[in-house]
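Trainee: Quick one, fold the following:
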Amino acid sequence: MTASVGASPLLSAAPAAGSAGRRACARLVLVSLVVPVAFEIAGFRLTPSLLVLIALYPMLLMRVLSGRLRLGLVDLLFVLYVGWLSLSMLVNTPGRFVAYTGQQGLAILGGYMAGRVLVRDRADFAALLRFLFWIVALSLPFALIEALADRPLIIELVRDHTPFSTFVENDYEPRLGLYRAQWVFAHPIHYGVFAMLAFAPVVVGLGLAPVLRGLAAVLIGAACLLSVSSGPLLALMFQGPLFLWHRLAARRSARPWREIGLSLGGLYLLLDLLSTKNALVAISTRLALDSSTASYREQIWRYGSAQVARTPWLGVGDNYWARPHWMVSASIDNFWLLLAIVHGLPALVFFGTALGLSLVRINRRELGPDPALQALRLGWTLAMLGCVLVAGTVALWGEILIFVMLMLGAGQWMLNAQPDQGAATPATPNAAPQPDRAGPVFTRFPAAAPPAPRPARRPPALPAPRPVLARNIRPLWRRQP
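Mentor: Below is the predicted model of the structure:
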């Protein structure tokens, strides 16, 4: 799929007057996510991304309430998730109710609504992806220095030369001969997730020329690699075969994702039956770059699922969850398990159903022969499926959670996207004009003038009657001999 979405694949085209403000706000949200600054106001820890969402929230809410957006079941499920999250914290840890619910509600609903409201069509989405590509590309020099010299330059700059607080530098052991680059995020794996989510939408979705597509794949893939994190790298490698599988399935089936989903579901069940562990845990353990972290994730799954069985409805909130004494850290490196432990199974059902329903509904729509629109949908779908996979190996919070919700909301416009009818029969450059078979090929009329209509054919004439000869007429008065 190499259809272009704009005048230039990686350079923004001039936006229409009505969309310029939306795109500027979307870019502001993206920039705020990569500013590693934090400060406290009245005991609340705030970051630039939260401040931007607070500033945009009234406008986003007015757009939603004005009826300009058609709200659906997916939107309702995210509202129910935040409501259940609030109830869980109120029951389990009321002292943390205001701060925790405010931050999480703003990250979930604010990030989702920002993508939902600020990205309304394919041009908005392509502009967001182009800006995202340049952010990832500009991060590479800093990430490379950090991976080679173990120096997060931007975090050091904020820590040493500003009055603000910032993230703690990671002190992980090198992997593959590289230090783990976190760039401006709280954890190296978050930087890997950031790059992984940008990969398929940019490389597949923007419909780049082969050279630009290869360049974008190398740059974004290198950013993911410099995080040296198993989860994002596994999700990135998963997207390549899935893309090829989709291309092959689309040739013989009108619904390729149904075939892929059934095949993957059957494969997962087979692995789950053949393995002594959970299938996802077994896969991540065998493909992990560090066997010790993989083993620890296995224990998290074992004792975390036992905790979910004890508190299935409202979870434990911000309280202690039961685990062996040697598991000192309370970190849960599995976002899906984290939702169930902290807020109960209903929270997991609300969030997971909203994400799954988005994928199903968007890919069920018939887009017609519009390769540019199909490429954008495929790129977004691959990114979201990669997110589903990587969320099983990492806890999502803070800026990376906002980014995930932003990308999820930014794909909802495809539910009402209209295919470009002009893309159905693309013109071939330098093609010879074909003669009109309805009229003569050679004519004395100029090209601009339409040929004169042909006169209608006369009906075939009837044969003339035979003449009657006088000698053949016998007079009636002559007597017969």
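Trainee: packing partners for the host helix or strand of Leu30?
Mentor: Assigned by DSSP states H and E, Leu30 belongs to helix 17-33. Under the contact definition 3 or more CB pairs under 8 Å, 6 or more residues apart in numbering; DSSP states H and E, helix 17-33 sits against helix 48-65, helix 111-118, helix 122-149, helix 398-410. Backbone N, C-alpha and C define where each C-beta goes, glycine included.
Trainee: Might you report the residue contacts of Ala223?
Mentor: Contacts for Ala223 (CB atoms under 8 Å, 6 or more residues apart in numbering) come out as Val136, Ser139, Leu140, Ala143, Tyr191, Phe194, Ala195.
Trainee: and with 6 Å instead?
Mentor: Val136, Leu140, Ala195 (CB atoms under 6 Å, 6 or more residues apart in numbering).
Trainee: Please apply the same query to Arg297.
Mentor: So Arg297 contacts Asp333 (CB under 6 Å, 6+ apart).
Trainee: Would you double-check that it falls in a helix?
Mentor: Yes. Under DSSP: H, G, I helix; E, B strand; the rest coil, Arg297 sits within a helix.
Trainee: how about the helices and strands packed on helix 17-33 in TSV, adding mean pLDDT, distance to Gly304 and mean neighbour count?
Mentor: Shown next, in TSV, are the helices and strands packed on helix 17-33 (pLDDT from 0 to 100; distance: least, CB to CB, whole Å; neighbours: other CB atoms under 10 Å):
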stretch	mean pLDDT	distance to Gly304	mean neighbour count
helix 48-65	94	28	16
helix 111-118	97	25	25
helix 122-149	97	31	20
helix 398-410	98	19	24
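Trainee: Reformat those helices as TSV; add distance to Gly315.
Mentor: Output for the helices and strands packed on helix 17-33, formatted as TSV (distance: least, CB to CB, whole Å):
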stretch	distance to Gly315
helix 48-65	24
helix 111-118	22
helix 122-149	33
helix 398-410	18
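Trainee: residue boundaries of the strands in the stretch 251-400 of the chain?
Mentor: Along the stretch 251-400 of the chain, counting by DSSP state E, counting those that start in this stretch, no stretch forms strands.
Trainee: Show me what counts as buried in the least confident helix or strand in the chain by mean pLDDT.
Mentor: None of the helices or strands of the chain scores lower by mean pLDDT, DSSP states H and E than helix 279-287, at a mean of 73. Buried residues in helix 279-287, counting neighbours by 16 or more other CB atoms under 10 Å, are found at Ala279, Leu280, Val281, Ala282, Ile283, Ser284, Thr285.
Trainee: What strand or helix carries Phe39?
Mentor: Using DSSP H and E, Phe39 falls within strand 39-41.
Trainee: what's in contact with that strand?
Mentor: Residues from elsewhere that reach strand 39-41 (CB under 6 Å, 6+ apart): Phe164.
Trainee: gap between the two ends of stretch 89-101?
Mentor: Taking CA to CA, to the nearest Å, the first and last residues of stretch 89-101 lie 7 Å apart.
Trainee: State the mean pLDDT of it.
Mentor: Stretch 89-101 shows an average pLDDT of 94 in the prediction.
Trainee: what lines up beside the strand holding Phe39 in the sheet?
Mentor: Strand partners for strand 39-41, identified by DSSP bridges, are recorded as strand 44-46 (antiparallel).
Trainee: and of the buried residues of helix 279-287, the nearest to Leu77?
Mentor: When the buried residues of helix 279-287 are ranked by distance to Leu77 (CB to CB), Leu280 comes first, at 22.8 Å.
Trainee: on that earlier part again, quick check: buried residues in the strand holding Phe39?
Mentor: Within strand 39-41, not a single residue qualifies as buried, counting by 16+ other CB under 10 Å.
Trainee: Relative to Arg286, how far out is the most centrally placed residue in the chain?
Mentor: Centroid-nearest residue in the chain, with CA atoms, centre = their mean: Trp380, separated by 2.8 Å. Here the distance between Trp380 and Arg286 works out to 29 Å (CB to CB, to the nearest Å).
Trainee: And for Val74?
Mentor: 34 Å.
Trainee: What angle do helix 48-65 and the helix holding Leu30 make with each other?
Mentor: Interaxial angle, helix 17-33 versus helix 48-65 (axes from the mean of the first three to the mean of the last three CA atoms, to 10 degrees): 150 degrees.
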